[in-house]
Every structure is written in C-alpha cells, then in structure tokens.
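Visitor: Just a sequence and a predicted model for now, questions to come.
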Amino acid sequence: MSWTAPLTAVATASLSAAQWNASVRDNLLETAPAKATAAGQVFVATAANAIAARTPSSNLITTIETTTSTTSGVLPTAGPSVSVVTG
C-alpha cells in the first residue's frame, strides 16, 4: 500500500466509513511510526509516497597488533573489509 491524497473536507458533507478509513486510517498506517517493528530502524523511500524500514547492523574488529619496528611497514593481519547489502 502507499500513501494516497486525503479527501478535502467540505462543510456539511458527510463521509462514508470507507472514505474515512482510506483517507485517514490507511494513510496513518503508511507513516514511519506505524511501520516501525524494532528500535533503531531507519526508513527509506521505496517509491513515490512509499517507505520501508531498514535495520542497520554493525560489526567490530577486535584484532590488536603491535610492532617494535621504527620504520613503517605492513602488519601481518589483513585489514578490514566491508560488504554492504541493501534492500
């Protein structure tokens, strides 16, 4: 589902339950707070007037290396690499 343009209120005009639900309830269900399912999520546009939740992840490199050399050089453990998977 995506966001739809809300109805314009007109004095003394009545709305059916279906019109109200489509204009108000359904649009509220398309907001970030309604789509959030976990703490820390961020939201991205997936199309015009549409969003999706993304959950960032992280990792930590815990290898510690030292050297006693007084000149620059390469340490034996390969450096970090990054792979990114996007929606």
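Guide: Everything's here; your move.
Visitor: C-alpha from now on. contacts and neighbour counts both.
Guide: Will do.
Visitor: all strands for this structure, in order.
Guide: 42-47, 50-54 (DSSP state E).
Visitor: Report the buried residues of the longest one.
Guide: So that's strand 42-47. Phe43 (16 or more other CA atoms under 10 Å).
Visitor: Dump it to CSV, restricted to CA.
Guide: This file holds the C-alpha atoms of strand 42-47, laid out as CSV (Å, rounded to 0.1, in the frame of the first residue of the first chain):
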residue,chain,number,x,y,z
VAL,A,42,15.6,3.9,9.7
PHE,A,43,13.2,4.5,6.8
VAL,A,44,13.9,4.8,3.1
ALA,A,45,11.7,5.7,0.2
THR,A,46,10.9,2.7,-2.0
ALA,A,47,8.8,4.6,-4.5
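Visitor: of the strands of the chain, which approaches Pro6 most closely?
Guide: strand 50-54 (14.9 Å; CA to CA).
Visitor: From the contact counts, what lies against that closest one?
Guide: Contact partners of strand 50-54 among helices and strands, from 3 or more CA pairs under 8 Å, 6 or more residues apart in numbering; DSSP states H and E: helix 32-35, strand 42-47.
Visitor: List the pairing partners of the longest one within its sheet, with orientation.
Guide: Partners of strand 42-47 in the sheet, by DSSP bridges, are strand 50-54 (antiparallel).
Visitor: Tell me which residues are up against the partner strand.
Guide: The contact list for strand 50-54, computed with CA atoms under 8 Å, 6 or more residues apart in numbering, reads 1-3, 30-32, 35-36, 41-46, 87.
Visitor: switch to 10 Å and redo it
Guide: 1-4, 30-32, 35-38, 40-46, 86-87 (CA atoms under 10 Å, 6 or more residues apart in numbering).
Visitor: follow-up on the earlier one: adding distance to Ile64, write the helices and strands packed on strand 50-54 out as a markdown table.
Guide: A markdown table is the format used below for the helices and strands packed on strand 50-54 (distance: least, CA to CA, whole Å):
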| stretch | distance to Ile64 |
| --- | --- |
| helix 32-35 | 40 |
| strand 42-47 | 32 |
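Visitor: Quick one: closest of the ones you listed to Val10.
Guide: Nearest of the helices and strands packed on strand 50-54 (CA to CA): helix 32-35, 27.9 Å.
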